[in-house]
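Undergrad: Structure for this input, please:
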Amino acid sequence: MPIVGVDRKAPQALHQQIYDAYRVAILNRSLRAGQRIPSTRTLASDLGISRIPVLNAYAQLLAEGYFESRVGAGTCVSSSLPDQIARADSSLRKPAKARSGPRPISRRSTLLPPMGTAPWMRGWGAFGVSQVAYEHFPFKIWSSLINRHARSMGPKSLDYGDPMGSKELRETIATYLRTARGVRCNAQQIMIVSGSQQALEVTARVLFDPGSHVWVEDPGYRFARDVFLMNGCKLVPVPVDYEGLNVAWGIKRYRKARAAFVSPSHQYPLGATMSASRRLQLLDWAQNSGAWIIEDDYDSEYRYESMPIPSLQGLDSNARVIYIGTFSKVLFPSLRLGYIVIPSDLVDRFMSVRIPMDIGPPDFHQRILTDFIKEGHFSRHIRRMRLLYNERRTTLIECLREELGFAMDIVGGQAGMHVSVTVSKTANDRKIAAQAAEQGLWLLPLSTSYLGDVSRQGFILGFGSTSVKEMPQKVRKFRDLLNST
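TA: Okay, here's the model as predicted:
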């Protein structure tokens, strides 16, 4: 019988040491199935310790099935512990070896490249896309609202909420969208979700079957494409020009697509605003083809050279548009709150798909956000941030023109939190972006946004997290990098 030892000076508790010693002995097969072990009193006496740690260790080993208790026979090693389980469990305490046997995974999980491996996706700082000026967020106001709602919590606050989201927040968002974005909606059509990615996932599960064709902007938003691919869709890349999605090209390429995904107010990444004629053409195609339009309105609040452009959904008289919005850019991404405006006849379908995913959204931050909007903090914050981002945008564009002149084109600077720059077709934007990451510049290669043929090399430059003061030095660093390649 192996001797179980304990060390009173070890950081592990005595009961844990006893448990570990027996477990290893069983896995090593130093103790065999059915073999009797000392009673708790005997072992405690042998070790010179209290019986309590021994009782606790035995209880855990009994609960996990390593020990069994027999009437009249005391405690024994479990007779039902097969050899193959012991061999498998022993891998936890031996160096890892090559695994044998099949390890099946879904085919769709292999459709996407590994995440987080690209150097330009790993950092925070100059030119990082979608990075917000967090230092200008009204923390005191937000903290005050958190404290207010924390103090008013009651038993009902701990229960599941409405799967569509807080009714009060949905009514508040509906009012905001009607007045600020020209969206045709009421609170019953709004579903609160955890950001635009979940909005896309729910929408894709409702609208698409495996093999459904979807128009996507090219270049366009990669993470939307990934959602559609994971739902078995066949993507139809449709080129983008200065008027937005080329609808005529899409009709010619694949008229019978199930849906089109567009960002008409501020196309990502090139920044085009879809013209009125293209919007009407797209709506006409959707109605005649029985197709859907998914409108991603991710940062429309930030427009600098004109008033914000009304939504495409507001022009839709046939309820063909699913409208997606998020608070990630206008507030902060860890809030994880966005929304879908759903055609009335599809609300039940969206509900039935959403509930198995996560039951519904957490309630606490919805209540905080409701007050933040209703008390006017939201609109004041947007006004302040619009001025701040406009200053940073203007400085970035001026610095780029001063340092690089006509060596590159600058596009998409009228709105949003990024601009795109294009460079020579002979350049390798991914290679340059990888080198830039080593110097603390986070350049997102434009070529990664293409699904079809890459017609432009360049970079997407965010300006949300780069101050006016540091912008000139960062642009010079960018210039030096380009000149050295």
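
Undergrad: quick one, strands of the stretch 101-250 of the chain?
TA: Taking DSSP state E, counting those that start in this stretch as the criterion, the stretch 101-250 of the chain contains strands spanning 190-193, 213-218, 234-241, 244-245.

Undergrad: For the third one, give the mean pLDDT please.
TA: Per-residue pLDDT over strand 234-241 has a mean of 96.

Undergrad: try the shortest one
TA: Strand 244-245 shows a mean pLDDT of 96 in the predicted model.

Undergrad: Off-centre distance for that strand?
TA: Using Cα atoms, centre = their mean, to the nearest Å, we find the averaged C-alpha position of strand 244-245 to lie 25 Å away from the chain's own average C-alpha position.

Undergrad: what lines up beside that strand in the sheet?
TA: strand 234-241 (antiparallel) (DSSP bridges).

Undergrad: now swap in the second one and tell me
TA: Note on strand 213-218: by DSSP bridges, its sheet partners are strand 234-241 (parallel), strand 259-262 (parallel).

Undergrad: returning to what we had before: would you list the strands of the stretch 101-250 of the chain in JSON lines and tack on mean neighbour count?
TA: Yep, even glycine has a C-beta here, placed from its N, CA and C like the rest. What follows is these, written out as JSON lines (neighbours: other Cβ atoms under 10 Å):
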{"stretch": "strand 190-193", "mean neighbour count": "26"}
{"stretch": "strand 213-218", "mean neighbour count": "26"}
{"stretch": "strand 234-241", "mean neighbour count": "19"}
{"stretch": "strand 244-245", "mean neighbour count": "26"}
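
Undergrad: so can I have CSV of those showing distance to L62?
TA: What follows is these, written out as CSV (distance: least, Cβ to Cβ, whole Å):
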stretch, distance to L62
strand 190-193, 45
strand 213-218, 56
strand 234-241, 55
strand 244-245, 65
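
Undergrad: Which one of those strands lies nearest to R354?
TA: Distance to R354, taken as Cβ to Cβ, is lowest for strand 190-193 among the strands of the stretch 101-250 of the chain, at 6.7 Å.

Undergrad: And the closest one, what does it pack against?
TA: Contacts of strand 190-193 with other secondary structure elements, assessed using 3 or more Cβ pairs under 8 Å, 6 or more residues apart in numbering; DSSP states H and E, are made with helix 167-176, helix 196-207, strand 338-341, helix 347-358.

Undergrad: Give the closest residue to L81 in space, chain neighbours not counted.
TA: For L81, the nearest residue in space outside its immediate sequence neighbours is A33; the separation is 5.8 Å by Cβ to Cβ, 6 or more residues apart in numbering.

Undergrad: export the strands paired with strand 213-218 to a markdown table and tack on distance to R222?
TA: Output for the strands paired with strand 213-218, formatted as a markdown table (distance: least, Cβ to Cβ, whole Å):
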| stretch | distance to R222 |
| --- | --- |
| strand 234-241 | 11 |
| strand 259-262 | 12 |
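
Undergrad: who's in contact with Y19?
TA: A57, Q60, L61 (Cβ atoms under 8 Å, 6 or more residues apart in numbering).

Undergrad: Buried subset of those residues, written for PyMOL?
TA: Buried members of these, identified by 16 or more other Cβ atoms under 10 Å, are gathered into one PyMOL selection as follows:
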select buried, resi 57+60+61
